[in-house]
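Trainee: Structure, please.
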Amino acid sequence: MQLNDLSPAPGSTKKRKRVGRGNGSGHGSTAGRGDKGQNSRSGGGKGPGFEGGQNPLHMRLPKLPGFKNRFRVESAVVNVGRLEDLFAKGDVVDVDALFAKGVIKSKTQPVKVLGDGELTLALTVKVDKVSGPARTKIEAAGGTVEVL
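Mentor: You can find the predicted model right below:
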């Protein structure tokens, strides 16, 4: 078998419609566009966003102000009240411990401890960020805070 022996399977290919090549072809004169009207003209018809003269959707929607910061870093948030429920006195609270308890979903995302809730246990907290109220509550309970 050679390359010149290859041909498509019978019935798998169709000849393309050649419009505007004389009346004998069946697609002459108006070339399948019908008589008169905007779409029969050369360059006729409107673009894809045209809605028949109605104000198009892309013009009805507001232009949103501001911008999105590409470099924004989302932190996983944990409150001190949650630490009270999950850890025992003297435990080390770090990314691995929080991930193991199912508090955070990813080990790669930075963790921030916030000050919502009460804390009575002395814990060693080793995370990326700690809010001011959270730091005071942890230290008031006898714990220590280490920011990585």
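
Trainee: And the strands in the protein?
Mentor: Secondary structure of the chain by DSSP state E: the strands cover 76-79, 92-93, 111-114, 124-127, 129-130, 144-147.

Trainee: I'd like to know which of these is closest to T13.
Mentor: strand 76-79 (57.6 Å; CB to CB). Quick note: C-beta positions are derived from backbone N, CA and C, even for glycine.

Trainee: what mean pLDDT does that closest one have?
Mentor: Taken as a whole, strand 76-79 carries a mean pLDDT of 94.

Trainee: for it, packing partners?
Mentor: Secondary-structure packing of strand 76-79 (3 or more CB pairs under 8 Å, 6 or more residues apart in numbering; DSSP states H and E): strand 111-114.

Trainee: Report all helices and strands that the strand it packs on contacts.
Mentor: strand 76-79, helix 80-86, strand 124-127, strand 129-130, helix 132-140.

Trainee: who does that strand pair up with?
Mentor: Sheet pairing of strand 111-114 (DSSP bridges) gives strand 76-79 (parallel), strand 129-130 (parallel).

Trainee: Give me the contacts around the last one.
Mentor: Pointing back at strand 129-130 there. For strand 129-130, contacts defined as CB atoms under 8 Å, 6 or more residues apart in numbering pick out S75, P110, V111, K112, V113, I138, V145, V147.

Trainee: Most neighbours among the residues you listed, which one?
Mentor: Counting by other CB atoms under 10 Å, V113 has the largest number of neighbours within the contacts of strand 129-130, with 28 neighbours.
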